[in-house]
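>>> Okay, structure incoming, though there's no sequence with it:
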């Protein structure tokens with residue numbers, strides 16, 4: 001592997017600009033050789049050689065200064081962090097020691113109270129001893145024992161939770177040290193190789209001299225502070241946090257591979273399940289067409305011998321073409337699209353969730369390939385997380401299960417009992433939900449636990465501080481608001497409509513207010529998160545303004561629900577005042593959200609850079625313009641579809657399914673540029689590992705005071721604690 005590729009594979013993405021520009025220096029070497037005016041090579045013209053040599057070495061010197069400055073700043077920050085963590089470890093050890101002492105005394109006090117009855121019957125000598133101990137206890141004021149009890153009111157659970165937080169903080173700090181150590185090694189090796197290539201192509205030894213006299217003597221090469229901090233961190237974790245268990249400590253500090261690695265089994269599983277999905281999809285389409293034609297051929301057996309292709313349905317009335325004109329037909333046609341609508345809604349809910357999982361897997365692959373550190377942005381444990389291939393493998397395997405459920409529905413509906421066919425999409429939907437929310441330690445349980453913890457913070461948004469994963473997943477839920485409505489329909493369908501009328505209006509009506517509330521739930525999560533961030537930061541812009549964006553969704557749902565309810569009562573759908581307010585709310589929502597996507601979430605629309613931005617991660621500018629156009633077009637479709645009245649017409653449900661795919665794809669594209677913008681913000685702050693903030697432990701009692709208290713306690717006669725407590729309990 002060439003060193004430029006090795007450097008790209010191992011560098012820290014957030015520090016990309018702080019590494020040696022190896023490729024640029026390599027291009028400068030070859031350009032100087034190609035542009036040489038002499039036929040004898042670059043050394044054939046001494047004046048030209050001296051000019052390019054001076055310019056080249058000047059650039060090398062600037063590069064050394066840049067790396068030197070950056071390394072010094074990161075090293076100083078690492079030393080400061082180590083001192084803070086070390087101090088907190090000492091505080092934690094003192095707290096544990098205090099807690100242990102108090103526990104011992106309370107145990108002794110308990111047994112002293114139990115034995116106090118026996119002490120009463122011992123005799124005068126015992127009473128005198130008790131009196132002597134009581135007098136000694138009186139002279140040991142002011143309340144040393146009470147001071148200890150007040151200082152260590154933390155329970156054992158709280159001590160353990162703080163110890164766990166310290167272990168996590170040290171593991172992230174250790175990762176940061178390893179990245180700095182890697183930074184030293186990569187840059188030193190980069191200068192060695194590029195100066196060696198310089199000497200080889202230009203037939204000189206100036207590069208070797210510069211490497212020995214300047215690079216090897218520079219601070220970032222000579223400094224051993226990072227190595228010492230690594231050893232010090234290992235010592236603290238082994239001795240203080242893991243009680244001398246070296247293997248357990250090193251497993252906790254284990255640094256994951258910095259380059260991208262893929263599991264061959266995941267790649268094999270992904271290919272297998274995608275191939276099975278394609279075959280099952282083709283087979284499902286063929287079976288679906290066959291079943292439709294089979295039902296179409298049975299139309300002549302009805303009281304209305306008309307081809308089903310000449311009939312269409314609106315609500316509960318069938319309109320068929322008779323003598324060139326459409327007229328209403330009484331009775332139920334053999335091929336009733338109303339029977340398919342409940343199944344379509346149930347299958348659609350599970351399918352959209354599975355496609356979201358697969359799309360996120362493709363997102364992670366694109367982020368990783370372009371140097372966007374999604375592991376850091378999502379604050380995932382870098383030592384244990386799902387790779388892009390694993391995510392796509394999970395999504396494709398569940399899609400195979402979904403297609404098998406679809407084929408089962410075909411079979412039961414047309415060759416068995418149609419009423420029981422609805423259990424097929426119900427089983428698929430329940431399995432997908434159960435797999436996502438299953439809390440037990442199987443089947444990638446750590447990733448599910450991370451998702452469930454994030455979901456808990458989303459649901460309780462006003463009461464938890466908001467991190468990037470919280471509002472990112474809440475944004476994904478806004479694209480899946482139709483899934484929540486389909487789940488609500490499924491529950492209602494089996495509670496009221498099953499085996500009665502699959503197309504009954506009770507489960508699609510908005511007059512009871514349930515469906516409008518469910519449609520607003522994802523927007524409410526983001527609205528509450530924005531208000532919480534405004535409370536924490538006291539910044540009206542962007543947090544309060546962002547909350548206003550999600551409030552427009554409430555207006556769209558509110559007026560569309562009133563419009564739908566008005567239509568259910570038989571009013572003219574185009575003349576009501578609610579229809580005008582719904583259109584107005586929709587326009588405001590569309591313009592607000594589109595501007596926010598472009599300007600705030602993606603950081604684009606800068607006129608200086610042709611409505612893009614200064615720094616771009618993805619290689620082609622055309623991708624950005626295509627994404628802007630796609631987001632505007634698909635958001636227009638989706639906003640309009642979500643606002644449609646929940647109708648029973650087949651055509652509307654098909655449109656909702658198609659536009660639902662459009663919205664999933666829009667969110668899929670949105671994810672690429674949203675993470676890119678967040679990654680560039682991390683690069684600006686040189687943030688390469690998670691920030692694990694440890695709140696300083698407040699101890700009202702100093703270590704010296706505790707040592708004095710221990711000295712007093714150790715000088716008491718044996719059993720004094722028990723005797724003192726027994727005396728106090730008997731008086």
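All right, it came through fine. Just so it is clear, the model here is predicted, and its values are computed rather than measured. Numbers count the residues shown, from 1 in each chain.
>>> Pull the number of nearby residues for the residue lying closest to residue 167 once chain neighbours are set aside.
For residue 167, ignoring the flanking residues on the chain, the nearest one in space by Cβ to Cβ, 6 or more residues apart in numbering is residue 241 at 5.4 Å. In this view, the C-beta of every residue, glycine as well, is placed from N, C-alpha and C. With neighbours defined by other Cβ atoms under 10 Å, the count for residue 241 comes to 20.
>>> Quick check: the gap between residue 241 and residue 228.
Residue 241 is 19 Å from residue 228, where distance means Cβ to Cβ, to the nearest Å.
>>> now residue 632
55 Å.
>>> Repeat that for residue 491.
Relative to residue 228, and taking Cβ to Cβ, residue 491 is found at 61 Å.
>>> repeat for residue 540
In terms of Cβ to Cβ, residue 540 sits 46 Å off from residue 228.
>>> When these two are compared, which one has more neighbours?
residue 228 (13 against 10).
>>> For this protein, which residues score under the pLDDT cut-off?
By pLDDT under 70, the weakly predicted segments of the chain are 1, 98-158, 256-262, 291-339, 497-505, 570-576, 638-651, 684-686, 688, 691-731.
>>> Next up, phi/psi of residue 511, please.
Reported as degrees, to the nearest 10, the phi and psi values for residue 511 are phi -70, psi -20.
>>> Excluding chain neighbours, give the residue nearest to it in space.
residue 565 is the one closest to residue 511 (Cβ to Cβ, 6+ apart), at 5.0 Å.
>>> does residue 386 sit in a helix, a strand or a coil?
coil (DSSP: H, G, I helix; E, B strand; the rest coil).
>>> That one: what's it in contact with?
Applying Cβ atoms under 8 Å, 6 or more residues apart in numbering to residue 386 gives the contacts 394, 444, 447.
>>> what do you get if the cut-off is 7 Å, keeping everything else the same?
Residue 386 makes contact with 444, 447, according to Cβ atoms under 7 Å, 6 or more residues apart in numbering.
>>> which secondary structure elements does whichever helix or strand residue 194 is part of contact?
Assigned by DSSP states H and E, residue 194 falls within helix 156-202. Judged by 3 or more Cβ pairs under 7 Å, 6 or more residues apart in numbering; DSSP states H and E, helix 156-202 is in contact with helix 3-10, helix 22-34, helix 46-120, helix 206-210, helix 219-222, helix 225-236, helix 246-253.
>>> and that helix, how far from the chain's centre?
24 Å (Cα atoms, centre = their mean, to the nearest Å).
>>> Then stretch 663-682?
Taking Cα atoms, centre = their mean, one finds stretch 663-682 lying 12 Å from the centre of the chain it belongs to.
>>> for it, which positions count as buried?
663-664, 666-680, 682 (16 or more other Cβ atoms under 10 Å).
>>> can you list contacts of it?
With Cβ under 7 Å, 6+ apart as the criterion, stretch 663-682 contacts 14, 352, 355-356, 359, 363, 366-367, 372-374, 376-377, 468, 476, 479, 597, 601-603, 615, 617-618, 627, 630-631, 634-635, 638.
>>> What segments of the stretch 251-400 of the chain are strands?
Ranges of strands within the stretch 251-400 of the chain are 311-314, 317-322, 325-329, based on DSSP state E, counting those that start in this stretch.
>>> count of residues packed around the nearest residue to residue 683 once chain neighbours are set aside?
Spatial nearest neighbour of residue 683, chain neighbours left out: residue 14 (4.9 Å); criterion: Cβ to Cβ, 6+ apart. As a burial measure, residue 14 scores 22 neighbours (other Cβ under 10 Å).
>>> what's the spacing between residue 14 and residue 613?
Computed as Cβ to Cβ, the residue 14 to residue 613 distance reads 17 Å.
>>> Also residue 167?
From residue 167 to residue 613 the distance is 39 Å (Cβ to Cβ).
>>> re the thing from before, my guess is the residue nearest to residue 511 is in a helix, correct?
Yes - applying three-state DSSP, one finds residue 565 inside a helix.
>>> That one reaches residue 508, doesn't it?
No - look at residue 565 against residue 508 with Cβ atoms under 7 Å: they stay out of range, at 11.9 Å.
>>> Between those two, tell me which one has more neighbours.
Higher neighbour count among residue 565 and residue 508: residue 508, with 23 against 18, using other Cβ under 10 Å.
>>> Need phi/psi at the more buried one.
phi -120, psi 0.
>>> Same question for residue 428.
According to degrees, to the nearest 10, residue 428 has phi -60, psi -50.
>>> show me the residues around the nearest residue to it once chain neighbours are set aside that make contact.
Among residues not flanking residue 428 along the chain, residue 405 sits closest, at 3.8 Å (Cβ to Cβ, 6+ apart). Residues near residue 405 by Cβ under 7 Å, 6+ apart: 424-425, 427-428.
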